[in-house]
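Novice: let's see this in three dimensions:
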Amino acid sequence: MSEVTQDIAPIASRPARFATFRRLMRNPTGAIATIVIALFIVAAIAAPLVAPYDPNAIAPRVRMQGPSLAHWLGTDQLGRDLLSRVIYGTRTAFKVALLGTAGALAAGMVMGMIAGLGSKIIDSFLVLINDSVKSLPLVLFALVLVSIYGPSMTTLIFVISASMAPGYFRVVRNQVLVLRNADFVVAAEAIGSSRIRLAASHLLPNLIGPIFVLVAMDIPAVIGIESGLSFLGQGVQPPQSSWGNMLAEGYTYVRQAPHIAVAAGLPIVITTIAFTFLGEALRDVLDPRKVTRR
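Specialist: Residues are numbered from 1 along each chain as shown. The predicted structure follows:
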């Protein structure tokens, strides 16, 4: 078995996964980032239970009030509770991030495996397609699709998946090209393993570590894309809560009620920093050279 396999493959085993998690929690930045992200995930899943008010309940008498005991983050221009809207916006952000990243990861991994294991013609064709998609400006690409299909969460998820898939394609293809000449892959081909079995049983476990790090780094980018397009009115549409459309509303009333923009901007900043720290910590934890030193 090659050195690459010895370094990475044990991550797929259950005891090694627990050991990896323990190393992650011993890393101060990794532990803090994991806890922060876990709190956001809990808020997203249990939004109806933890949100103090209906996020769309209008109360004109308390409109644009600052933070108070009744409304911890204040209220917006319609009197809606900002904390409740931020919590439901967390559900929207993580739903888009999960589905968008999952779609990009699935498409990128399948195409990367096919390109790495296929013929030179197939490889060149897939590289051309992915390079063409990657060269498209994201905002222009999104506006074209939105003008055709209309602004919606489904369109937003498709835009994110299509625009980010080439990044995963490149990583998977390059890793497969490196590993396809490894001893364990050559041995599997010699005993008659099919391409599907070769990809699923021998190549995929060796890609888990780099993919985990890449996903952790990409999720804040996806959240930023969702927030940016929603801010421009081309993503999640009101009255559905989204950090992006909340930020757009806060920008409109920034002089009268700056707390609206602050309430919408803080979760974007916090999640971006948390996922970036998590990606950095995962990279250190999954680095075989650092693991062996311990």
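
Novice: can you show me the helices along the stretch 1-150 of the chain?
Specialist: Along the stretch 1-150 of the chain, the segments classed as helices by DSSP state H, counting those that start in this stretch run 3-8, 14-26, 28-45, 47-50, 82-117, 120-135, 138-149.

Novice: which stretch among those comes nearest Ser241?
Specialist: helix 82-117 (3.9 Å; Cβ to Cβ). (Glycine included, C-beta is placed from N, CA and C.)

Novice: other SSEs contacting that closest one?
Specialist: helix 28-45, helix 47-50, helix 120-135, helix 153-179, helix 208-231, helix 243-252, helix 258-285 (3 or more Cβ pairs under 8 Å, 6 or more residues apart in numbering; DSSP states H and E).

Novice: could I get these as JSON lines with mean pLDDT?
Specialist: Formatted as JSON lines, the helices and strands packed on helix 82-117 follow (pLDDT from 0 to 100):
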{"stretch": "helix 28-45", "mean pLDDT": "93"}
{"stretch": "helix 47-50", "mean pLDDT": "93"}
{"stretch": "helix 120-135", "mean pLDDT": "91"}
{"stretch": "helix 153-179", "mean pLDDT": "89"}
{"stretch": "helix 208-231", "mean pLDDT": "87"}
{"stretch": "helix 243-252", "mean pLDDT": "92"}
{"stretch": "helix 258-285", "mean pLDDT": "91"}
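
Novice: out of those helices, flag the one nearest Pro67.
Specialist: helix 258-285 (6.4 Å).

Novice: centre of the chain to that closest one, how far?
Specialist: 12 Å (Cα atoms, centre = their mean, to the nearest Å).

Novice: just checking, what packs against it?
Specialist: helix 14-26, helix 28-45, helix 82-117, helix 208-231, helix 243-252.

Novice: compute the inter-axis angle for that helix and helix 208-231.
Specialist: Per axes from the mean of the first three to the mean of the last three Cα atoms, to 10 degrees, the angle that helix 258-285 makes with helix 208-231 is 170 degrees.

Novice: buried stuff in helix 258-285?
Specialist: By 16 or more other Cβ atoms under 10 Å, the buried positions in helix 258-285 come out as 259-265, 267-268, 271-272, 274-285.

Novice: count of residues packed around Thr92?
Specialist: 25 (other Cβ atoms under 10 Å).

Novice: so who does it touch?
Specialist: Met153, Glu226, Val236, Gln240, Ser241, Ser242, Trp243 (Cβ atoms under 8 Å, 6 or more residues apart in numbering).

Novice: repeat that with 7 Å
Specialist: When contacts are counted by Cβ atoms under 7 Å, 6 or more residues apart in numbering, Thr92 is found next to Val236, Gln240, Ser241, Ser242.

Novice: please pick the buried ones from the residues you listed.
Specialist: Buried among the contacts of Thr92 by 16+ other Cβ under 10 Å: Val236, Gln240, Ser241, Ser242.

Novice: distance to Arg63 added to the helices and strands packed on helix 258-285, as TSV?
Specialist: Below are the helices and strands packed on helix 258-285 laid out as TSV (distance: least, Cβ to Cβ, whole Å):
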stretch	distance to Arg63
helix 14-26	44
helix 28-45	25
helix 82-117	11
helix 208-231	21
helix 243-252	12
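
Novice: out of these, which gets nearest to Leu145?
Specialist: helix 208-231 (10.5 Å).
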